[in-house]
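Chemist: the sequence and its predicted three-dimensional model are supplied below.
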Amino acid sequence: MSNKIIRAEKLSKSYKEGKGRLSIFDAVDFILEEGESVAILGSSGSGKTTLLNLLGGLDKPNGGNVWVNGHDVHALSERKKGRVRNEYLGFVYQFHHLLPEFSALENVCMPLLIGKMPKDQAIQKATALLNRVGLAERVAHKPSELSGGERQRVSIARALVNDPKCVLMDEPTGNLDEGTADKVQQLIMELKDQLKTSFVVVTHDLTLAKKMDRVLHLEEKTLKDITGL
Ligand SMILES: Nc1ncnc2c1ncn2[C@@H]1O[C@H](COP(=O)(O)OP(=O)(O)OP(=O)(O)O)[C@@H](O)[C@H]1O
């Protein structure tokens, strides 16, 4: 039987604008199966980041529901929602969001320590993952001592360290030069092929999008499947 990692039904989101409301999207449905990868494309301002934040439980919809591995996330208390996020999801952002005062290793260890893993085990696991993303020589570097591509590799390692069911990526290559973006893209594809993790990738990068199992386009307030176009 198929296992739906994320299921969203009739999602709508609007923001207050003057006396009225600005509707971003309306009645959006979305399903992500275990192991599946999906790209979300759309013009600037179409609502891609907003949608990703709703799917990841980081922002609340005005209508509709999101289930993450069967948990109705927006019905949960903030504490339980945090637990569901930490257990099932990993996040990668355009601007890495690494903690500046901590080393690469400490940044990757953080989700494990929050999940109460003993420190020596956390270090072992985070080190193995940093090796896997090609950063064995950089574990002690702080984010400011890493290149843009290296910082994004650390973010990817941090997102994967809890063995999430799904990684949500918002423009993972958006802030990188072409050559570095290609290398990070290659890493994402390797991980996609090797792991059972699902991926949702918001991107403007058509090459990256086309490598995903499905390509969705956010337009006119709805999601259209444009896989293969
Ligand atoms: N907190 C907010 N309050 C009001 N409007 C907002 C807020 N956050 C986003 N918006 C508006 O919602 C729309 C969608 O924003 P969003 O960041 O989701 O777009 P996007 O498709 O990810 O854009 P880009 O590709 O440029 O990153 C934009 O018009 C934006 O101005």
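Modeler: Done, it's in.
Chemist: this structure: strands as residue ranges?
Modeler: Taking DSSP state E as the criterion, the chain carries its strands at 4-17, 20-33, 37-41, 63-68, 71-72, 89-92, 166-170, 198-202, 214-219, 222-225.
Chemist: and the contacts of the shortest one?
Modeler: With contacts defined as Cβ atoms under 8 Å, 6 or more residues apart in numbering, strand 71-72 is touched by 65-66, 84, 88. To be clear about C-beta, it is placed using only N, CA and C from the backbone, and glycine gets the same treatment.
Chemist: tell me, what residue is most central in this structure?
Modeler: Central residue check for the chain by Cα atoms, centre = their mean: the C-alpha nearest the mean position is that of Leu168, 1.6 Å away.
Chemist: so what's that residue up against?
Modeler: Leu168 makes contact with 52, 55-56, 89-92, 200, according to Cβ under 8 Å, 6+ apart.
Chemist: longest helix anywhere in the protein?
Modeler: The helix spanning the most residues in the chain, taking DSSP state H as the definition, is helix 178-194.
Chemist: and that one, what does it pack against?
Modeler: In terms of contacts (3 or more Cβ pairs under 8 Å, 6 or more residues apart in numbering; DSSP states H and E), helix 178-194 is packed against helix 148-160, strand 198-202, helix 206-210.
Chemist: can you give me the end-to-end span of stretch 219-229?
Modeler: Distance between the two ends of stretch 219-229: 15 Å, counting by Cα to Cα, to the nearest Å.
Chemist: run the chain-centre distance for it.
Modeler: Using Cα atoms, centre = their mean, to the nearest Å, the mean C-alpha position of stretch 219-229 is found 20 Å from that of the whole chain.
Chemist: and if you look at stretch 43-57?
Modeler: With Cα atoms, centre = their mean as the basis, stretch 43-57 stands 11 Å off its chain's centre.
Chemist: what do you get for stretch 144-159?
Modeler: For stretch 144-159, the distance from its own C-alpha centre to the chain's C-alpha centre is 14 Å (Cα atoms, centre = their mean).
Chemist: what about Lys116, neighbour count?
Modeler: Lys116: 7 surrounding residues under other Cβ atoms under 10 Å.
Chemist: now swap in Tyr88 and tell me
Modeler: The number of residues packed around Tyr88, counting by other Cβ under 10 Å, is 22.
Chemist: contacts for the lowest-mean-pLDDT helix or strand in the chain?
Modeler: Of all helical and strand segments in the chain, the minimum by mean pLDDT, DSSP states H and E falls on helix 178-194, at a mean of 87. Outside of helix 178-194, the residues that reach it under the criterion Cβ under 8 Å, 6+ apart are 37, 133-134, 147-149, 152-153, 156, 160, 169, 172-173, 176, 197, 199, 201, 205, 207-208, 211.
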